[in-house]
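A.B. asks: model this:
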Amino acid sequence: MAARDAQELVDRLAASHGAQLQRFLITRARNFADVPDMVQEVYLRMLRVPNEELRARGEKIITSLAGLPVGARLGEAKSQVGGGSLPRSAIPSTTLDLTPQNLELGAFAERLRRAPNPVIGYVSGGRYRLDLRTVFSAQDEALAAAIRGALLK
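C.D. replies: Numbering: from 1, shown residues only. Reported below is the predicted structural model:
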């Protein structure tokens, strides 16, 4: 597989990880021998992002949502790393915590899942949470657009 094609696969991921990521890559790869290297590259890119960078990106996303019917703030989380021999390993991360003002959390989550670029987060503490470690910086604008679309639909 050409490096450009592999990079395109990596860049098209939207908050997917673990088995979901592996299934995605396997279904898209032309050469199955490339899959383990691509998975490793994606994990390493996600793990290496400093938490300060995640917070700065999150602040920019929050700023882009100004004026919309949503409460938005940054939160702290632990991203689980791996499985198998490392099932309990976790690293600090930053979440984008959203509280829509014009619809229920479940409906908001469903709209995000059904967006042209699906967004997968989780509901906790009365907020919809997105772990920014699972979002590449190149996806920040698309993420903000999906949030806007879900709120204004």
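
A.B. asks: helix, strand, or coil at the closest residue to Glu59 other than its chain neighbours?
C.D. replies: Closest residue to Glu59 apart from its sequence neighbours, by C-beta to C-beta, 6 or more residues apart in numbering: Leu74 at 7.0 Å. Glycine gets a C-beta too; all of them are placed from N, C-alpha and C. Three-state assignment for Leu74 (DSSP: H, G, I helix; E, B strand; the rest coil): strand.

A.B. asks: could you break the protein into its assigned domains?
C.D. replies: 3-48, 51-152 (automatic domain parsing).

A.B. asks: averaged pLDDT, the helix or strand harbouring Glu52. What do you get?
C.D. replies: Here Glu52 sits within helix 51-64, counting by DSSP states H and E. The predicted model assigns helix 51-64 a mean pLDDT of 97.

A.B. asks: so which bits of that helix are buried?
C.D. replies: By 16 or more other C-beta atoms under 10 Å, the buried positions in helix 51-64 come out as Leu54, Arg57, Gly58, Ile61, Ile62, Ser64.

A.B. asks: the fourth one reaches Ala144, doesn't it?
C.D. replies: Yes: distance between Ile61 and Ala144: 5.2 Å, which falls inside the contact criterion (C-beta atoms under 8 Å).

A.B. asks: residues contacting the closest residue to Leu132 other than its chain neighbours?
C.D. replies: Excluding its sequence neighbours, the residue lying closest to Leu132 (C-beta to C-beta, 6+ apart) is Leu54, at 4.5 Å. With contact taken as C-beta atoms under 8 Å, 6 or more residues apart in numbering, Leu54 is in contact with Ser93, Thr94, Leu132, Arg133.
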